[in-house]
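Enquirer: only the shape, not the letters, is given here:
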């Protein structure tokens, strides 16, 4: 009886020790799993930071390109406006020259008519 009791107590203590050992092993495995998960998360954070740096650099480059294109567009618009003004000036000058040509033609016709009149008068006098 005393021996049976001691045997049960020993058996209980062995079971408790085994349960404790199993719990420690499970805890170690869980700790290892958590450590691996933590390393995975730290790697993901580093990758995200690297990607953020790259994206910031791309954003800055794109912004600079955009500003350059806006400046170029402004320059092109100014050049286009300048060319339009020059075209208008040329068209006005061309119109003025056309008027002068018409006046010169009219003057030439008058001069020719005057010469013809003078020649007729001369022939009549002869």
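Expert: Cool, the structure landed. All values reported here derive from a predicted model rather than from experimental measurement.
Enquirer: and the helices in this structure, which stretches?
Expert: Using DSSP state H, the helices found in the chain span residues 2-125.
Enquirer: contacts only, for the spatially most central residue of it.
Expert: By C-alpha atoms, centre = their mean, the mean C-alpha position of the chain lies nearest to residue 62, the distance being 4.6 Å. The contact partners of residue 62, by C-beta atoms under 8 Å, 6 or more residues apart in numbering, come to none. Using the backbone N, CA and C atoms, a C-beta is placed for each residue, glycine as well.
Enquirer: for residue 90, see how far away it is.
Expert: Counting by C-beta to C-beta, to the nearest Å, the separation of residue 62 from residue 90 is 41 Å.
Enquirer: now do residue 121, the pLDDT please.
Expert: If you check residue 121, the pLDDT there is 88.
Enquirer: what's the burial count for it?
Expert: 10 (other C-beta atoms under 10 Å).
Enquirer: now the one 4 residues further on
Expert: Counted with other C-beta under 10 Å, residues neighbouring residue 125 total 6.
Enquirer: again, but for residue 100
Expert: 10.
Enquirer: go on, residue 78?
Expert: Number of residues near residue 78 (other C-beta under 10 Å) recorded here: 10.
Enquirer: please tell me how far it sits from residue 45.
Expert: In terms of C-beta to C-beta, residue 78 sits 49 Å off from residue 45.
Enquirer: same check, this time on residue 113
Expert: Going from residue 113 to residue 45 by C-beta to C-beta gives 100 Å.
Enquirer: check residue 68 too.
Expert: 35 Å.
Enquirer: count of residues packed around residue 23?
Expert: Around residue 23 there are 10 residues (other C-beta under 10 Å).
Enquirer: for the remainder of this discussion, apply numbering that starts at 225.
Expert: From this message on, residue numbering opens at 225, which makes the last subject residue 247.
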